[in-house]
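*Asks:* Sequence plus predicted model, see below.
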Amino acid sequence: MKIVKLIIKLFIGVFCIVGLFIAVLTIFEYRPDDIEDVDILNNKTQTVSLNESLTFMTFNIGYAGLGKDEDFVMDGGKSGRPDSKETVLEYLEGIQSILSEYQADFYLLQEVDQKARRSYSIQQVESIAGHLGDDYSTQFAYNFNVMFVPFPVSFSEHIGYVKSGLATYVNFAVESSERLQFPGAFSWPLRVANLKRAMMVSYLDITDSDKQLVIVNLHMSAYDGDGSLRAQEMDFLKAFMEAEYEKGNYVIVGGDFNQTFPEAVGVYEVIQDYYVAYPIEDNFLPNGFSFQVDVTTPSCRLLNQPYDPNHENTQYYIIDGFIVSDNITVEKYFESQDTNQAVTLDLGFEHSDHNPVVMKIRLLP
């Protein structure tokens, strides 16, 4: 009888602790407004011009914690974070070297940690800004802002606190920048320790034009079992693009869509189902828009194991790229290209579980 009472007391104690924990997370839950202004640090003065070649890079850097030697528990691996701060610093240095080697006028980066336990509190937004130097402004918007993520359930492997999101670096004048909250959310209490997905929009004035260049940096939902979050996010994005196009603006959307582009369906056999990149609907694109995707090179890998291109369980995806409006012409990024299109840089997933995608464009008069 005493043992039964002890078990009941322990059960009640654990229940109370868990309840208190969830209550605290709920009280301090990040609740962004639908639209929030984003600070533009070190803004530039030179405006973009029509018929001027502009270069872009979109790159999910995986918080400098998902390089070639890493796996991740939600993808079928074992780890919750890298083994050491030195590992993160090494990956971050490699990522920054990529930004220098493939210089762009616009860097659209995802999963950039402002401060997080998983990346050993390294201030990555600031580090990258310092590496790029004074020629670039910085914009940052949260995609993930949680005081504690109790997953995986391990003292050493749990994710803990996370302040992370979208970072855009630009070497032209940005007139304004906004964080637009995507509709939809996980149900309570799961949402209190989860991402609050958004897209960050940069508006740039154009020399001798009454139109604007509109740049969208986004990282859309993953691990959305019934697809409801993806559907709401895509509807929101489509309506936004249609509205900006109706104004006559030049629109470029870049980022990690966490979905397979229509052109890439079937390119890589699905051999793992820990994370499924569902195809974007064929009828998603509004009139006047097109995808800019490279189907010859994977843009992402599954983190079920450290990277091994020769292993039978290595899973690839094409989920990173651009959408452009038809008042923009896409040029060859490399002179050796056969066609004018975006290019995925085949960098062997050395420093991230994603490869960067680059593109060169001109704004048509």
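*Replies:* Received the coordinates, thanks. Residues are numbered from 1 along each chain as shown.

*Asks:* What are the boundaries of the strands in the stretch 101-250 of the chain?
*Replies:* Along the stretch 101-250 of the chain, counting by DSSP state E, counting those that start in this stretch, strands occupy 106-116, 137-149, 160-170, 176-181, 198-205, 212-219, 250-256.

*Asks:* Take the ones you listed and lay them out in CSV including mean pLDDT.
*Replies:* CSV is the format used below for these (pLDDT from 0 to 100):
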stretch, mean pLDDT
strand 106-116, 98
strand 137-149, 93
strand 160-170, 96
strand 176-181, 98
strand 198-205, 98
strand 212-219, 98
strand 250-256, 98
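
*Asks:* can you list those in CSV and add distance to A239?
*Replies:* No exception for glycine: its C-beta is placed from N, CA and C like everyone else's. Conversion of the strands of the stretch 101-250 of the chain to CSV gives the following (distance: least, C-beta to C-beta, whole Å):
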stretch, distance to A239
strand 106-116, 21
strand 137-149, 19
strand 160-170, 20
strand 176-181, 11
strand 198-205, 12
strand 212-219, 13
strand 250-256, 12
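
*Asks:* To D71, which of the ones you listed lies closest?
*Replies:* Nearest of these to D71, taken as C-beta to C-beta: strand 106-116 at 16.2 Å.

*Asks:* Pipe the strands of the stretch 101-250 of the chain into a markdown table and attach distance to K78 and mean neighbour count per row.
*Replies:* Converted to a markdown table, the strands of the stretch 101-250 of the chain look like this (distance: least, C-beta to C-beta, whole Å; neighbours: other C-beta atoms under 10 Å):
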| stretch | distance to K78 | mean neighbour count |
| --- | --- | --- |
| strand 106-116 | 20 | 25 |
| strand 137-149 | 17 | 22 |
| strand 160-170 | 18 | 23 |
| strand 176-181 | 34 | 19 |
| strand 198-205 | 30 | 22 |
| strand 212-219 | 24 | 24 |
| strand 250-256 | 23 | 26 |
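
*Asks:* what ranges of the protein fall below the confidence cut-off?
*Replies:* For the chain, residues meeting the criterion pLDDT under 70 lie at 1-2, 4-29, 153-156, 186-193, 225.

*Asks:* mind giving me the domain split of it?
*Replies:* What automatic domain parsing lists as the domains of the chain is 1-30, 32-363.

*Asks:* Ranking these by mean neighbour count, which comes first?
*Replies:* domain 32-363 (a mean of 18; mean count of other C-beta atoms under 10 Å).

*Asks:* How far does it stretch from one end to the other?
*Replies:* 33 Å (C-alpha to C-alpha, to the nearest Å).

*Asks:* Tell me where this protein has helices.
*Replies:* Ranges of helices in the chain, per DSSP state H, are 2-27, 85-101, 124-132, 228-246.

*Asks:* So which elements touch the second one?
*Replies:* This points to helix 85-101. When contacts are defined as 3 or more C-beta pairs under 8 Å, 6 or more residues apart in numbering; DSSP states H and E, helix 85-101 sits against strand 53-60, helix 124-132.

*Asks:* May I have it exported as PDB, CA atoms only?
*Replies:* Extracted in PDB, the C-alpha atoms of helix 85-101 (Å, rounded to 0.1, in the frame of the first residue of the first chain):
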ATOM      1  CA  LYS A  85      31.200  25.000 -30.000                       C
ATOM      2  CA  GLU A  86      34.300  24.500 -32.100                       C
ATOM      3  CA  THR A  87      32.300  22.400 -34.600                       C
ATOM      4  CA  VAL A  88      29.800  25.200 -35.000                       C
ATOM      5  CA  LEU A  89      32.500  27.800 -35.500                       C
ATOM      6  CA  GLU A  90      34.200  25.600 -38.100                       C
ATOM      7  CA  TYR A  91      30.900  25.200 -40.100                       C
ATOM      8  CA  LEU A  92      30.200  29.000 -39.700                       C
ATOM      9  CA  GLU A  93      33.600  29.900 -41.000                       C
ATOM     10  CA  GLY A  94      33.000  27.600 -44.000                       C
ATOM     11  CA  ILE A  95      29.600  29.200 -44.600                       C
ATOM     12  CA  GLN A  96      31.100  32.600 -44.600                       C
ATOM     13  CA  SER A  97      33.800  31.600 -47.000                       C
ATOM     14  CA  ILE A  98      31.000  30.500 -49.400                       C
ATOM     15  CA  LEU A  99      29.400  33.900 -49.200                       C
ATOM     16  CA  SER A 100      32.800  35.500 -50.000                       C
ATOM     17  CA  GLU A 101      33.600  33.100 -52.900                       C
END
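
*Asks:* Since that was my last question, I'll sign off now.
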